[in-house]
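Participant: quick one, what's the 3D model for this:
(2 chains)
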Amino acid sequence: MEKEEYLDLYYQMVLIRRVEEAAAQLYQQGKIGGFLHLYIGQEAVSTGLISARQPQDRVITAYRDHGVAINCGIPAQKVMAELLGKATGVSKGKGGSMHMADVNKNFWGGHAIVGAHLPLAAGLALGDQYLGNDAITICMFGDGATNIGYFHEALNLSKVWNLPVLWVCENNQYGMGTAVERASAVSEIRQKAEGYCIPNDCVDGMDVLKVRQAAEEAIRFVRQNNGPFFLEIETYRFRGHSMGDPERYRKPEEVKKWEENDPIGIYRNQIINLQIASEEELDLLEKKAEKETAEAVQFAENSPEPPPEALFEHIYADAQ
Amino acid sequence: MAKITMREAISQALWEEMERDPNIFIMGEEVGVWGGTYAVTKGFYDHFGAKRVRDTPIAEAVIVGAAIGAALTGTRPVAELMTINFAFSAMDHIVNEAAKLHYMFGGQFLLPLVIRTVSGGGRQLGATHSQTPDAIFAHFPGLKVVAPGTPEDAKGLLKSSIRSNDPVLYIEHATLYQTRGEVPEGDYTIPIGVSKVQRPGRDVTIVTYSKMLETSMKAAQQLAKEGIEAEIVDLRSLRPLDMGPVLESFKKTNRAVIVEEGWRSFGVGSEVAARLYEEAFDYADAPIQRVAQKEVPLPYNRTLEQMALPQVEDVIAAVKEVL
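Facilitator: Numbers count the residues shown, from 1 in each chain, chains lettered A, B, ... in the order given. The predicted structure is shown next:
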């Protein structure tokens, strides 16, 4: 990687952190409705992963999607506007926190039913295979999704049809409040891929460079028509499952231990130690992310509500 | 006009569309090598090949889910669910994904997707394989639900469904495949969401669709011998629901019977009757009658099964009730 790319990854991670912190504040002020699932702590996962894709590669994820949206190149202001339900939001204010997508950025959502987007991902890959496109589908999901039937149907089909899909399990240790070993018969998630003869790997999700490297290898494998690959990325969310999570299921010491492993802090040290950039340069990026976040909030707050006629728009695509 | 069976009509529509557009492909259980459990896709595998006629595992969620994903990439999948009873295993993908994606992402996603499936009882397949739950699927905005009752409509509506950029649930009936009817020569389509008067009459309006069109036609023929002329309006699509011809007929006859194979409660008849009362209350000369399946899980025993399903005599009795 060139210096510029090292710094870009750093900037994306910091920007996600600032956007999520701002979202938490806006939620507490009652300006964001519904559920809000923050990506704080997991930034290195999607930043490293998505930085390794080609533009033609599709990304699809679950409901913890703000960070993924930003990594896919959606401006923070369109993410923030969607959170505030505004017409300028990436889904025109009709999707909300859990349903962001931007077809032009090859980001296919934002899906809020646990595991349900895995069959869709198999289908995206099927479409590309059918059309002969040189594209793969990167499908992200949580550890909790590996216990639902859709996961197994989708993995099975992907192998039977040799589909160009990269399955990425973001193992943040808890499906809502239930620890992996309390919910999954197999606590090492990647072993589930073995059941479908899908080659797999596991990587430390708190280290963006390790994620990036593992993702590059996995994507190369899939692109060379070898069929699906399964990548488990171990991470941790620093905040609750969603806003309003009482967090009775984990001890403050556990959270503190992981927080000392902050992916942004780790990466900052790596950049300094590798002498890629100075503290001052990184501080400037932090300031820039703060500014972009503040501008995104301002943009969202100043944006118009969807007009009343939007209510009946886009129920169907065909002219009625 | 050629006289062909319902099976031939559906098969022809699929074949002709696949010849027309290479982006159309079929996926489902036993659609390929087997030729389709109702033989609709017989010969397709040999002609179009394994890429376009795809046998899937018995896994309905991923059949529908993957068809949705493939549709998003610009292909035009026709997914087959062997029967509508198995659609419940794919309900999440039909309801929470297919019906929502276009709207929820602000119009960005296009889903040119058809889900073909088979509804209906009367074949002694027991409670889990004999349901007619069409009305459930018509509940969801964003999904289109089509259920033809004649070969002409079956062919024309399937072509429209395949050419639509919206997700369409296309419901066939298990005991209609041998039904014959006239079908226009050449390429034609019938628009989704347009009801049709299948039999003109002056005395009573029978509103129906799919298999019950056949039952209602038989009832109308018997009633005609008694001098009662029933007008039969075939809904053909349940969503969008075209009430135009229904209202027009009701305003003429002032009496209506709604005939459906599914259960009465919360059914098609409930919806149509409510709409008639809302939009044409003053025209009613008698309470609207509903003919529907008895509210039991359908039994295996032939006599019991037929007792539960709506019969010609039930339609005649209901018509006489409103006259």
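
Participant: in this structure residue B:147 contacts residue B:209, no?
Facilitator: Yes: here residue B:147 reaches residue B:209: they are 5.3 Å apart, a contact under Cβ atoms under 8 Å. C-beta here means a position set from N, CA and C on the backbone, and glycine is covered the same way.

Participant: between these two, what contacts are shared?
Facilitator: B:235-236, B:238 (Cβ atoms under 8 Å, 6 or more residues apart in numbering or on different chains).

Participant: now, which of those residues sits nearest chain A?
Facilitator: Nearest to chain A among those is residue B:238, at 14.6 Å by Cβ to the nearest Cβ.

Participant: the closest one: how many residues sit nearby?
Facilitator: Neighbours of residue B:238 under the rule other Cβ atoms under 10 Å in any protein chain shown: 26.

Participant: and it, helix, strand or coil?
Facilitator: Under DSSP: H, G, I helix; E, B strand; the rest coil, residue B:238 falls in the strand class.

Participant: isn't it right up against residue B:134?
Facilitator: Yes: using Cβ under 8 Å, residue B:238 is in contact with residue B:134, at 6.1 Å.

Participant: show me where the stretch 1-150 of chain A has helices.
Facilitator: Secondary structure of the stretch 1-150 of chain A (DSSP state H, counting those that start in this stretch): helices at A:3-28, A:43-50, A:66-71, A:76-83, A:117-131, A:149-160.

Participant: export the third one as CSV, just CAs?
Facilitator: So that's helix A:66-71. The C-alpha coordinates for helix A:66-71 follow below in CSV (Å, rounded to 0.1, in the frame of the first residue of the first chain):
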residue,chain,number,x,y,z
HIS,A,66,-23.6,2.7,8.8
GLY,A,67,-19.8,2.0,8.8
VAL,A,68,-20.1,-0.4,5.9
ALA,A,69,-22.0,2.3,4.0
ILE,A,70,-19.2,4.8,4.6
ASN,A,71,-16.5,2.2,3.6
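
Participant: which other residues reach that helix?
Facilitator: Contacts of helix A:66-71 (Cβ under 8 Å, 6+ apart): A:12, A:15-16, A:19-20, A:23, A:38-39, A:42-43, A:46-47, A:49-51, A:59, A:61, A:76, A:79, A:83, A:90, A:97, A:100, A:102, A:107, A:110, A:140.

Participant: next one: the last one
Facilitator: Surrounding helix A:149-160, the residues in contact under the criterion Cβ under 8 Å, 6+ apart are A:115-116, A:118-119, A:121-122, A:125, A:141, A:145, A:163, A:165, A:167, A:192-193, A:195-198, A:227-228, A:230, B:56-57, B:59, B:61-62, B:65-66, B:92.

Participant: avg pLDDT for it?
Facilitator: Averaging pLDDT along helix A:149-160 gives 98.

Participant: adjacent strands (with direction) for the helix or strand just after that helix?
Facilitator: Counting by DSSP states H and E, the next helix or strand C-terminal to helix A:149-160 is strand A:165-171. Partner strands for strand A:165-171, per DSSP bridges, with pairing direction: strand A:137-142 (parallel), strand A:229-234 (parallel).

Participant: which one of these lies nearest to residue B:194?
Facilitator: Comparison of those against residue B:194 by Cβ to Cβ identifies strand A:137-142 as nearest, at 37.7 Å.
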